Each structure stands twice: as structure tokens, then as C-alpha cells.
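S.K.: Just a sequence and a predicted model for now, questions to come.
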Amino acid sequence: MSIARYADLQGRIAVVTGGSRGIGAATALALASNGARVAVVGRDKDALDAVVAAVRADGGTAIPAVADVTSEDQLAHVRELVQGELGTPTLLAAFAGGLGAPRPTVELDAARWREILDTDLTSVFLTIQAFLPGMAASGGGSIVTMSSSAGRQPSRANAAYGAAKAGVVMLTRHLAAELGPQGIRVNCLAPSSIRTEKVAARMPPETQQAVAAQHPLGRLGTPEDVAEAALFLCSEASGWLSGLTVDVAGGRVTN
């Protein structure tokens with residue numbers, strides 16, 4: 001699919017967490033194709049290097065940053081790296097997370113609950129906290145967070161993941177109200193069934209077809225579908241939008 005073009009993204013500095021694969025990687029590539037200078041953050045060095053190489057092969061600018069975004073110290077290191085090599089970011093896609101595998105609540109012990117909340121909610125807060133002062137000093141910017149359809153309605157995902165992703169929605173709304181006077185917009189994406197590399201590898205084709213049939217648009221989403229929505233929310237084309245959660249769900253939306 002062709003990537004939308006937003007002239008105002010040219011030369012902007014962006015940070016994408018969870019950027020080594022899937023939605024994060026697609027978003028990093030889409031931002032770079034629009035002329036943004038992108039820091040791609042994740043834990044898998046080889047995967048990050050592959051994304052950065054793809055950006056550079058297309059003539060874009062990107063750097064890898066290996067970090068666990070549940071760590072304040074590692075995020076501080078990423079901030080220093082990005083500021084030193086690219087400058088102060090005004091675009092932030094806080095997309096790391098993904099511990100949504102089904103598990104009965106009776107089997108979800110306290111340690112696992114805390115791990116999932118750290119990975120899928122606290123990491124978003126820490127990422128924003130790390131880059132917010134620079135963004136505010138620069139006069140504004142756009143933050144895009146990542147929820148899930150599991151944070152919008154009950155699902156087969158575990159309870160901790162659903163709670164964490166619902167928390168991301170409210171964190172987004174709170175920050176949008178708080179940071180709007182500083183020129184910072186904060187919006188959220190809530191994807192449904194996305195055919196990432198992990199889904200393609202683990203979900204049999206017949207199951208993929210059955211899940212696709214549950215969506216009015218008749219197919220699974222792609223990482224690029226979500227990346228396109230992220231591009232729009234990063235760009236000034238959405239300059240009067242803040243505090244929203246966009247269901248990237250192929251029409252399968254329940255209010």
C-alpha cells in the first residue's frame with residue numbers, strides 16, 4: 001500500500017518505541033518515508049538494525065536505540081542518545097507492549113499482573129515522562145499511545161492486559177487535557193486483529209479467516225493500517241484533534 005504524505009513531518013524528530021517489529025516498525029518506516037528523523041527503540045538489537053537499515057536503504061534517517069522501556073534509567077539513556085544524534089523529539093509514538101495472551105484470572109498471580117501492567121501501562125507513562133520536558137520546551141508536539149480493542153471491551157486477552165490498555169486510554173485523555181495549553185496533542189490508537197509477524201506465525205490460516213470474517217471490512221488489519229493512522233495523528237492534518245482514541249478495527253467497534 002502507498003503511504004500517505006504529510007509535508008509538515010519533513011525534518012521532524014520522532015521516537016517510536018516497540019519499533020523492532022510489527023506496528024512499531026511499520027510506523028517508524030512510514031514516518032521516515034515522510035522525511036522525519038526517527039529513533040527506533042526496542043529490546044532486540046538485530047531487529048532494530050534491520051528496521052534502521054530499511055529506512056536508510058529508502059533514503060531516510062533513523063538510528064537504533066536498544067532499551068527496555070519499563071526502565072527509567074534506560075529511557076534516560078535513550079533520551080540522551082536521541083538528543084545527541086538527532087535533536088529534541090517533537091513526535092512520540094509510545095507503542096511498546098503486548099502481553100495480551102489469554103490466561104484465566106484465577107491463574108493470573110500478582111507477579112504476572114504487575115509485569116503486564118508495567119509492560120503495557122507503566123512503560124507508556126515512563127516513555128512520555130522521559131521526553132515530555134524537551135517537547136514542552138520546543139513549543140509542542142504530538143504523542144500517540146497504543147491501546148487495544150482489549151482495552152475498549154472485554155476480550156479473550158487476560159484481565160491485566162485489558163486493564164492496562166484501558167488505562168492507556170484514560171492516561172491519554174488526562175494528558176491531552178493537561179498538556180494542551182503547552183501545544184502538545186495526545187491521542188491513542190486501539191487496534192483490533194492485526195496480522196503482525198507473530199499472528200501470522202502462531203494463528204493457523206483457517207483461524208485467521210474466521211477472525212477476519214468477524215470484521216465488517218472482511219479482513220485482518222495490517223501493521224501499515226495502524227501506521228497510517230499514527231501518521232495522521234502525528235501530522236498537523238489532525239491539528240485540532242487531541243484526547244481521542246481511534247479504533248483501528250475494520251468496523252468492529254462496540255461502544
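M.R.: Arrived safely, thanks for sending.
S.K.: ok, longest strand in the protein?
M.R.: strand 184-191 (DSSP state E).
S.K.: where's residue 144, which helix or strand?
M.R.: strand 141-146 (DSSP states H and E).
S.K.: other SSEs contacting the helix or strand following that strand?
M.R.: Using DSSP H and E, the helix or strand that follows strand 141-146 in sequence is helix 159-179. Helix 159-179 sits against helix 110-117, helix 123-137, strand 141-146, strand 184-191, strand 245-248, with contacts defined as 3 or more C-beta pairs under 8 Å, 6 or more residues apart in numbering; DSSP states H and E. Heads up, the C-betas are built off the backbone N, CA and C, glycines and all.
S.K.: Most tightly packed of the ones you listed?
M.R.: Ranked by mean neighbour count under mean count of other C-beta atoms under 10 Å, the helices and strands packed on helix 159-179 are led by strand 141-146, which reaches a mean of 27.
S.K.: mind listing what that strand pairs with, with the direction of each?
M.R.: Using DSSP bridges, the strands paired with strand 141-146 are strand 91-94 (parallel), strand 184-191 (parallel).
S.K.: now it against helix 123-137, angle please.
M.R.: 170 degrees (axes from the mean of the first three to the mean of the last three C-alpha atoms, to 10 degrees).
S.K.: Return, as residue ranges, the portions of the stretch 51-200 of the chain with sub-threshold pLDDT.
M.R.: Along the stretch 51-200 of the chain, the model assigns pLDDT under 70 to no residue.
S.K.: List the contacts of the spatially closest residue to residue 12 that is not a sequence neighbour.
M.R.: In this structure, residue 12 finds its nearest non-sequential neighbour in residue 36, 4.7 Å apart by C-beta to C-beta, 6 or more residues apart in numbering. Neighbour list for residue 36: 9-14, 91, 234 [criterion: C-beta atoms under 8 Å, 6 or more residues apart in numbering].
S.K.: how about a cut-off of 6 Å?
M.R.: Counting by C-beta atoms under 6 Å, 6 or more residues apart in numbering, residue 36 touches 9, 12, 14.
S.K.: How many residues are close by the first one?
M.R.: Okay, so that is residue 9. Residues lying near residue 9 (other C-beta atoms under 10 Å) number 23.
S.K.: returning to that earlier point: with just CA atoms, put the longest strand of the chain into PDB.
M.R.: The C-alpha coordinates for strand 184-191 follow below in PDB (Å, rounded to 0.1, in the frame of the first residue of the first chain):
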ATOM      1  CA  ILE A 184       1.100  19.100  23.000                       C
ATOM      2  CA  ARG A 185      -1.600  16.900  21.500                       C
ATOM      3  CA  VAL A 186      -2.100  13.300  22.800                       C
ATOM      4  CA  ASN A 187      -4.100  10.700  21.000                       C
ATOM      5  CA  CYS A 188      -4.500   6.900  21.200                       C
ATOM      6  CA  LEU A 189      -4.800   4.000  18.800                       C
ATOM      7  CA  ALA A 190      -6.800   0.900  19.700                       C
ATOM      8  CA  PRO A 191      -6.100  -1.800  17.100                       C
END
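S.K.: next SSE after it?
M.R.: Using DSSP H and E, the first helix or strand after strand 184-191 is helix 197-202.
S.K.: Pull out the buried residues from that following helix.
M.R.: Across helix 197-202, burial judged by 16 or more other C-beta atoms under 10 Å covers residue 199.
S.K.: next one: stretch 69-85
M.R.: For stretch 69-85, a neighbour-count test (16+ other C-beta under 10 Å) marks 69-70, 74-75, 78-79, 81-82 as buried.
S.K.: List the neighbours of that stretch that are in contact with it.
M.R.: 17, 39, 41, 63, 65, 67-68, 96, 118, 123, 126-127, 130.
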